[in-house]
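[1] sequence first, then the predicted structure:
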Amino acid sequence: MTIPIRRLPLEQRPRERLFAFGAEALSDAELLALVLRHGLPGESAVDLATGLLTEFGGLSALAAALPEELAGRAGMGAAKTAALVAAFRLGRRAAGRVTGLHALLGPQDVAAAARPLLDSGRRERLVVLVCDSRNRVRHQVVVAEGLIDRAPVPVREVLNAVLRHDGQAFAVAHNHPSGDPEPSAADRRTTTALIDAARTVGLRFLDHVVVAGESWASAGATRTPR
């Protein structure tokens, strides 16, 4: 019979261990248990977390799971699913926050800057890198998620994201969950549309990069500053 967390000695409870020894002292299952908060009758939150890690094949795969996949697992209702998805998303956003002013000098810089927001994505995600007059990244904004290759890219939302953050130049990047970074015909049409739209509103378009894991490819030539 599984012992509920509340009946464990204080020094064995995840929350108390976190405060006493720091988050690094906790296992993946213990950290997940703190997000989930509750398990099932006869199954603690740690047991539920361990089951999820086993079922999905580890933390990275669990982080990439779709909400409907999580919600279908016993013990995972809407509240727990939402909490888990939100926790993973916050982690990705924190990893992708701009902590320094990195200039985009070529497509390799676009790929490196956007990758933290694109890693582990099982759905395509479109990221806008908002830059200043010296092509230094000021903000990173996700403007679309889903089947980007099969739907019109929201050019207006891309431009609004740049203008809203007082950008003067920008690059875009999206991921190919298939693992093949080769730009599609739709990707190249997107590049043309963005070049034309940027010129209309006086912004400099830098590049459009497709990321697939550690690989990347440019769907448009990088523009040098005017």
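    Yes, it's here.

[2] so where's this structure uncertain?
    Applying pLDDT under 70 to the chain flags residues 1-12, 95-101, 119-121, 147-152, 221-226.

[3] may I see the buried residues of the longest helix seen in it?
    Using DSSP state H, we find that the single longest helix of the chain is helix 78-96. Residues 80-81, 84-85, 88, 92, 96 are the ones in helix 78-96 that count as buried (16 or more other Cβ atoms under 10 Å). Placement of C-beta: from N, CA and C, glycine included.

[4] contacts for that helix?
    32, 35-38, 62-63, 67, 70-71, 76, 114, 116-117, 119-120, 140 (Cβ atoms under 8 Å, 6 or more residues apart in numbering).

[5] which parts of this protein are strands?
    Ranges of strands in the chain, per DSSP state E, are 124-131, 137-146, 169-175, 204-212, 215-218.

[6] within the sheet, what are the partner strands of the last one, with directions?
    Spelled out, it's strand 215-218. The strands that strand 215-218 pairs with in its sheet are strand 204-212 (antiparallel) (by DSSP bridges).

[7] buried stuff in the strand it pairs with?
    By 16+ other Cβ under 10 Å, the buried positions in strand 204-212 come out as 204-212.

[8] thought L203 was touching Q168, still the case?
    Yes: counting by Cβ atoms under 8 Å, L203 is a contact partner of Q168 at 6.7 Å.

[9] more neighbours, those two?
    Taking neighbours as other Cβ atoms under 10 Å, Q168 and L203 compare with L203 leading, 20 against 17.

[10] how about L40: what's its closest non-neighbour residue?
    Nearest non-adjacent residue to L40, counting by Cβ to Cβ, 6 or more residues apart in numbering: G75, 4.4 Å away.

[11] so who does that neighbour touch?
    Contacts of G75 (Cβ under 8 Å, 6+ apart): 39-40, 43, 48, 51.

[12] buried subset of these, written for ChimeraX?
    Here is the ChimeraX selection string for the buried members of the contacts of G75, based on 16+ other Cβ under 10 Å:
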select :39,43,48,51
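
[13] just the contacts of G75: which are in helices?
    48, 51.

[14] relative to G58, which of the contacts of G75 is nearest.
    G51 (12.8 Å; Cβ to Cβ).

[15] who's in contact with the closest one?
    Here G51 is in contact with 43, 73, 75 (Cβ under 8 Å, 6+ apart).

[16] and for H139?
    Neighbour list for H139: 98, 129-130, 161, 165, 167 [criterion: Cβ under 8 Å, 6+ apart].

[17] which among the residues you listed count as buried?
    129-130, 161, 165, 167.

[18] closest to G146 among the buried residues of helix 78-96?
    V85 (15.4 Å).

[19] domain ranges for the chain?
    The chain breaks down by automatic domain parsing into domains covering 5-95, 97-218.

[20] right, so those domains: which one is the most enclosed?
    Burial of the domains of the chain is given as mean neighbour count (mean count of other Cβ atoms under 10 Å); domain 97-218 ranks first at a mean of 18.

[21] sorry, back to before: now, the most widely separated pair of the buried residues of strand 204-212?
    Taking Cβ to Cβ as the measure, those span a maximum distance of 26.1 Å, between R204 and A212.
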